[in-house]
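Participant: no FASTA, just this:
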């Protein structure tokens, strides 16, 4: 993987002209606001069971009622309310995972890229070893052993998804290590830590932002998959993956039950990816692997 | 070249050892394995019996080296649940997973290569933008959800394919399509960028100056160069796909190693889980070695250096 | 009879930038026409435009562009590709990157003959081996099985030359074909081209900045500056009586044995080839020209200094250097 360090000029203006960025930013922004405001904007308690009104279709479909815009699930819980709380879970998992894995990966990558030699060999080895571990399987196994919980999902994904951060941090650090301003800071007697934190980190941050979007998308997808398999976020929390799993039994009779949370998941991940793609185009970060 | 491959081989062996150690450590995460095996309703006595039976009362290092030596010989012990050698279990399930992975990869290549080439030839046109959109959609598609949608649509509504289960070739179509989605975006982007680079190269200008046909220029000259990294990445992608097959096998109830692992996780059958993690990791490592080898074989600059 | 290649007022633009602003030249059968000028003056773009090989975004226009009597301005890619490599061939400038790294030299040579002449593999291999021998490559049989990266720059250059000659073209456009070669090989290549010219009446458009080569083999010389042909004349006449101040400048850059005294500085033209903005009028050389005057800012007349000698300059034909006088 190669990464070219290109300074952004007129970055903001070019971003706004990029349709992908505008769409992606809108999707992510709206989801974020909805997630934050969840307790105030949900029409119902997402956990309130109403066995009389089960599997009510969305209001725009036949037999739908205006009371439940997106219908109700198999326990009569309001789908829209659950969906909004589900956005919360996805966003928290996505962001927390990116922070955890970002710290691990960036640290390793900068160390390897900056010091080179043996240190770099070790970092490369860790990256290779990490890539050979099947993420979903190990995450499921750990959850199976320790019992699934919200925190565990974040920890496991955070500990597993740092590889791309490390790869990008390493190659960008290598590129700018030899540049004049780094050498200058070096010669001016700055300590190693200060060179790494003040000179290197800010200059590779934009490229790490691209990785962050991709990893966030991946983390959201993986959380949904783990929850779908019953070893992610535990019920009754309304994770979108769990909602799909719970609706699975009814999908042959009322397909909308899996369409609603699935589309929400797809759109959010698409939005995050659109955002990442726009950033990548702008920065020229090449992430093919 | 030989030196490079030898170096990669040594790294691969070291990685394999690391994974071996990790998969041992994985099962020890919960603290006392015997309690986990025995289950919540076991008495102190039951736990003690299990501890004796599985040798869990020995020092951890003894257990580790014992396990390591056996694992290297392909002996992963006995399943707690299936009453069978783990190696036998995996041996009987692996062909299903491998077939699924290869079907998925084949579909991915059939879709990604032509689309990537077309996008490169028509760079920056609406065709290109559409193809890149397809890549984004593939990237954002939750595989398990796509699987369910296909089950309802192709399986129930159109009644074209069996909804789920393990069986003849028709049972591999839907899971294969779903699995291919995880590889299509990266293969397509790589094909596209490789073709764009090749098409703007001096040697393509030479090919045109020689008056070669458009097809010959695209296939013999441009794609031949663009394909080298794609083939290598395809091998690595297969590794990722096998690792991800657990989700798809669970959705479609295909009895491959992924399904086996999922079942075993639910039953606290740790030797099986451990062995599946290990086998999938080893296959991935072998595939990355294969990728390096393919690179070397396909690229004359590496082959003859 | 019409010329083999007849180009009148060729213009090439990339986006809004003009790379060639008016190049007219002819190549007769059996003639060597040299196109000279500093780097960046539009020589290579002219060559690519003639072959229809401009990079994406390049736009070609011309008042006339004919090859062997056929107007090729509006020829489609398919028809052009039948001409290219067969009747009109080209040697491009960058030998290091112009061969396909993933394919053997032999395959890249033989496919030309197989494509245009439907030759069998054996016939094509024989022809390729023969040509490699003629461009001075020893053990051609061995080279055919090798990949480009296994060859030195000089060898690659000669493979490119052999490739262009595979089908005995009528017209050869050669862009700096001998720059990577040492003097003996260069002489050998030039001799080979002369032989082919005598044998088959090959017409050559040779792009070079080596005036030594020009003096040796050119029948006719066109001097290009900032996308325009500023002077064109039979070789002897151009060297004897250059009209355009730029041509004079170029000639004084070349050390001539006996004429340059020891210790005397070689002539050079101060400045670099300028970028020509759209809508530019007048002489593009005026900023670097020692003889520039007010008239140089208006349309420049095309003046005849002899029956076959044209120059794009405001100075009267046959003017003499004030400094020398």
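Facilitator: That came through fine. What you are looking at is a predicted structure, and each value in this text was computed from that prediction instead of being measured.
Participant: Strands along the stretch 151-300 of chain C, start to end?
Facilitator: C:171-175, C:203-208, C:220-225, C:228-234 (DSSP state E, counting those that start in this stretch).
Participant: looking at those, which is closest to residue B:170?
Facilitator: For those, proximity to residue B:170 was assessed by C-beta to C-beta; strand C:171-175 is nearest, at 58.9 Å. In short, each C-beta sits where N, CA and C put it, glycine included.
Participant: returning to what we had before: who wins for proximity to residue A:102 among the strands of the stretch 151-300 of chain C?
Facilitator: strand C:171-175 (50.8 Å).
Participant: what about that closest one, near chain B?
Facilitator: No: judged by C-beta under 8 Å from any C-beta of the partner chain, strand C:171-175 stays clear of chain B, getting no closer than 8.9 Å.
Participant: Show the average pLDDT along that strand.
Facilitator: Confidence for strand C:171-175, expressed as mean pLDDT, is 92.
Participant: who touches that strand?
Facilitator: Here strand C:171-175 makes contact (C-beta atoms under 8 Å, 6 or more residues apart in numbering or on different chains) with C:4-5, C:27, C:43-44, C:47, C:50-51, C:67-68, C:87-93, C:161, C:164-165, C:193, C:202-207.
Participant: burial of residue A:224, as a residue count?
Facilitator: The tally of other residues near residue A:224 (other C-beta atoms under 10 Å in any protein chain shown) stands at 34.
Participant: Which strands or helices does the helix or strand it falls within pack on?
Facilitator: For residue A:224, the enclosing helix or strand under DSSP states H and E is helix A:201-228. Packed against helix A:201-228 by the contact rule (3 or more C-beta pairs under 8 Å, 6 or more residues apart in numbering or on different chains; DSSP states H and E) you find helix A:79-115, helix A:135-146, helix A:150-160, helix A:163-177, helix A:240-247, helix A:256-283, helix B:126-140, helix B:143-150.
Participant: what about the third one, distance to the chain center?
Facilitator: Which is helix A:150-160. 12 Å (C-alpha atoms, centre = their mean, to the nearest Å).
Participant: What residues does the stretch 101-250 of chain B have near chain C?
Facilitator: B:200-203, B:205-214, B:216, B:220-221, B:224-225, B:228.
Participant: now these: which count as buried?
Facilitator: B:201-203, B:205-212, B:216, B:220-221, B:224-225, B:228 (16 or more other C-beta atoms under 10 Å in any protein chain shown).
Participant: May I have the secondary structure class of the residue of the stretch 1-150 of chain B found nearest chain C?
Facilitator: Nearest residue of the stretch 1-150 of chain B to chain C, counting by C-beta to the nearest C-beta: residue B:123, 8.2 Å away. Secondary structure for residue B:123, judged by DSSP: H, G, I helix; E, B strand; the rest coil, is coil.
Participant: Flag every residue of the stretch 51-200 of chain B that's near chain A.
Facilitator: So the stretch 51-200 of chain B meets chain A at B:136-137, B:139-145, B:148-149, B:151-152, B:156, B:186, B:189-190, B:193 (C-beta under 8 Å from any C-beta).
Participant: Go ahead and build a ChimeraX selection from the buried members of those.
Facilitator: In ChimeraX syntax, the buried subset of these is picked out as below (16+ other C-beta under 10 Å):
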select /B:136,137,139,140,141,142,143,144,145,148,149,151,152,186,189,190,193
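Participant: Poorly predicted segments of the chain, please.
Facilitator: Going with chain A. A:1-12, A:15, A:180-183, A:185-190, A:284-289 (pLDDT under 70).
Participant: Correction: the question concerned chain C.
Facilitator: C:1, C:253-270, C:320-325.
Participant: show me where chain B has helices.
Facilitator: Secondary structure of chain B by DSSP state H: the helices cover B:2-28, B:33-38, B:44-53, B:60-72, B:86-121, B:126-140, B:143-150, B:170-199, B:202-209, B:214-216, B:224-252, B:257-266, B:270-298, B:300-303.
Participant: where among these is the average confidence lowest?
Facilitator: Least confident of the helices of chain B, judged by mean pLDDT, is helix B:33-38 with a mean of 70.
Participant: Neighbours of the residue of the stretch 201-325 of chain C found nearest chain A, how many?
Facilitator: Per C-beta to the nearest C-beta, residue C:275 is where the stretch 201-325 of chain C lies closest to chain A, at 21.6 Å. The number of residues packed around residue C:275, counting by other C-beta under 10 Å, is 11.
Participant: coming back round to it: for PyMOL, write a command that selects the buried ones of the contacts of strand C:171-175.
Facilitator: For the buried members of these, the matching PyMOL selection, counting by 16+ other C-beta under 10 Å, is:
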select buried, chain C and resi 4+5+27+43+44+47+50+51+67+68+87+88+89+90+91+92+93+161+164+165+193+202+203+204+205+206+207
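Participant: Right, I'll leave it there.
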